[in-house]
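Asks: Return a 3D structure for these sequence lines:
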Amino acid sequence: QVQLVESGGGLVQAGDSLRLACAASGLPFSHYSMAWFRQAPEKEREFVSSIRWSGDSTDYAASVKGRLTISRDNARNMVYLQMNSLRPEDTAVYYCAASRADHRDTHSSNSIEYWGQGTQVTVSS
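Replies: Residues are numbered from 1 along each chain as shown. From the prediction side, this is the model:
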């Protein structure tokens, strides 16, 4: 049974930092591209960032580039999202996702095979 379990969300002020973590189990982790998506209230789920199975290539949405950093640890089956300079518009539920597609092709939810349950990030102004 595949499980993706996110942690690290919370309530912070604008300009603060958070580090999200996702623990994966039940899948050949190092064979999967990993991604983060987010969904704000009354909005569609959107791509945030992705990372190649090897960890040596990443991709970001334009709105987060330069502020968020994705990384992975294949030895621990973990993927992380370091979030700096947070803004109120970053408020959303953040989802960890796994895909067998190339990480550059994971912008669409259709490419995702497995989802986590999500973790809430709230940024106050």
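Asks: can you pull the pLDDT of the residue lying closest to residue 11 once chain neighbours are set aside?
Replies: Distance criterion Cβ to Cβ, 6 or more residues apart in numbering; nearest residue to residue 11, sequence neighbours excluded, is residue 122 at 4.6 Å. For every residue, glycine as well, the C-beta is placed using N, CA and C. pLDDT recorded at residue 122 is 98.
Asks: what sits against residue 122?
Replies: Each residue near residue 122 by Cβ atoms under 8 Å, 6 or more residues apart in numbering is listed here: 10-12, 91.
Asks: leaving aside the residues next to it on the chain, what's closest to the spatially most central residue of the chain?
Replies: The structure's the chain has its C-alpha centroid closest to residue 36; by Cα atoms, centre = their mean the separation is 2.1 Å. In space, and not counting its chain neighbours, residue 36 is closest to residue 48: 4.3 Å by Cβ to Cβ, 6+ apart.
Asks: hey, where'd the strands end up in this structure?
Replies: Taking DSSP state E as the criterion, the chain contains strands spanning 3-7, 10-13, 18-25, 33-39, 46-51, 58-60, 68-73, 78-83, 92-99, 114-115, 119-124.
Asks: May I see those organised as TSV, with distance to residue 108 added?
Replies: Formatted as TSV, the strands of the chain follow (distance: least, Cβ to Cβ, whole Å):
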stretch	distance to residue 108
strand 3-7	18
strand 10-13	28
strand 18-25	19
strand 33-39	10
strand 46-51	8
strand 58-60	13
strand 68-73	17
strand 78-83	19
strand 92-99	10
strand 114-115	13
strand 119-124	22
